[in-house]
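Asks: I'll drop the sequence and a predicted model, then ask my questions.
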Amino acid sequence: MKKLNKPDFDIQENILNSMKDISPEIFEKIINNYNFYEEVLENIKKIISKEKELKDNNKDKDFINLYKNRLAKKDSSSYKYYKKIREQTKECPYCNRGQDVAALDHYLPKSFFPSFSIVINNLVPICYNCNSKYKNDFYPKNDKPEERILHPYYDIVKFEDIIKSLKCEIIEEEEAFGFNFFFDDTTRNNIFFKTIKFHINKLGLNEAYTTDFTAKFFSFLNSIKEDSNSSESDIKKRIKDKISESKSEDRPWFYVGFSSLLSNEWFFKNYS
């Protein structure tokens, strides 16, 4: 996951001020949600019951319509703020795989948390796959931090955090040579690593990492085959270059994959 700076409070105020006919009650509620958003994330059970009251009183649509018919509507006076939040990054921060941002995600889905529909620290740029295929309307059903998706505005996950527990198994079969990525937190009795593991599993990133690295590897393998004079030491140097490149590009799965390859005797026996 890639860390993003949360949108500034003045954007929240500008959005509300651009909606001239918004009621004082809704205005105050949204500002309050913005200011106490971090506390909300730590008290999901308590908040979801309050949000249900809005639905029971048929007030949820007032908030949801502010998003659908105002903020996310292209011809509205508020749409420029929607674009500003969405365009703060070109790549999806949830998967950090270089996928293009396609929309804004409600970290706390508006279908369950309507009063957060235009709270800007709840709106995160996201790619199509993460949004539609994996995350959907997911939200933490309890206050256990190891059972939630990482939040790009509030969680800091460093490159080193990923490579400590991300593993790459090499499938040593000549006719079906391949890779399998998985996140192993069994040696780390640490909630943070369990949260990272949940995030990776929920967003299908183990499979995505395998697909990405397999394509990267075979491209690398073809370049080796083109140079028939490459010795084992030459290949190892090129792999080390790929490892360094992966770190500079913030692609930990490439780093882990090539690191596993570098220490794999079977690969060098069959391909060098």
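Replies: Happy to help now that I have it.

Asks: just checking, residue 163 touches residue 258?
Replies: No. With contact defined as CB atoms under 8 Å, residue 163 does not count as touching residue 258 (11.3 Å). Yep, even glycine has a C-beta here, placed from its N, CA and C like the rest.

Asks: wait, is residue 103 part of a strand?
Replies: Yes. Applying DSSP: H, G, I helix; E, B strand; the rest coil, one finds residue 103 inside a strand.

Asks: can you tell me the number of residues neighbouring it?
Replies: For residue 103, the neighbour count with other CB atoms under 10 Å is 18.

Asks: what about it, distance to residue 127?
Replies: 8 Å (CB to CB, to the nearest Å).

Asks: next one: residue 120
Replies: 19 Å.

Asks: these two: which is more packed in?
Replies: residue 120 (27 against 22).

Asks: show me the contacts for the more buried one.
Replies: Going by CB atoms under 8 Å, 6 or more residues apart in numbering, residue 120 touches 6, 7, 11, 12, 15, 34, 81, 85.

Asks: out of the residues you listed, who's the most crowded?
Replies: Ranked by the number of neighbours (other CB under 10 Å), the contacts of residue 120 place residue 15 first, at 25 neighbours.

Asks: so that residue sits against residue 67, correct?
Replies: No. Between residue 15 and residue 67 there is no contact under CB under 8 Å: 10.2 Å.

Asks: how about the longest helix seen in the chain: buried residues?
Replies: Across the chain, the longest stretch assigned as helix under DSSP state H is helix 205-226. Neighbour-count burial for helix 205-226 flags 205, 206, 208, 209, 210, 212, 213, 214, 216, 217, 220 (criterion: 16 or more other CB atoms under 10 Å).

Asks: once you drop chain neighbours, what's closest to the residue nearest to the spatial centre of the chain?
Replies: Nearest residue to the geometric centre of the chain (CA atoms, centre = their mean): residue 94, 0.8 Å. Once flanking residues are discounted, residue 94 sits nearest to residue 130: 4.4 Å by CB to CB, 6 or more residues apart in numbering.

Asks: in the protein, mark out all the helices, start to finish.
Replies: Using DSSP H, helices in the chain cover 9-18, 24-35, 37-41, 44-56, 60-66, 79-86, 128, 159-163, 191-202, 205-226, 232-248, 252-262, 265-271.

Asks: for the fifth one, packing partners?
Replies: Packing partners of helix 60-66 (3 or more CB pairs under 8 Å, 6 or more residues apart in numbering; DSSP states H and E): helix 24-35, helix 44-56.

Asks: distance of the residue nearest to the centre of the chain from residue 151?
Replies: 10 Å.

Asks: overlap in contacts of those two?
Replies: In contact with both residue 94 and residue 151: residue 124, using CB under 8 Å, 6+ apart.

Asks: hmm, back to that, how about the contacts of residue 120 in CSV, adding pLDDT and distance to residue 254?
Replies: Shown next, in CSV, are the contacts of residue 120 (pLDDT from 0 to 100; distance: CB to CB, whole Å):
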residue, pLDDT, distance to residue 254
6, 91, 28
7, 92, 30
11, 95, 35
12, 95, 37
15, 95, 38
34, 96, 37
81, 96, 35
85, 96, 29
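
Asks: need the residues touching each of residue 15 and residue 67.
Replies: With CB under 8 Å, 6+ apart as the test, residue 15 and residue 67 both reach residue 118.

Asks: so where's the protein uncertain?
Replies: 187-189, 228, 272 (pLDDT under 70).

Asks: hmm, what's the outermost residue in it?
Replies: The chain, CA atoms, centre = their mean, max distance from centroid: residue 229 (41.7 Å).
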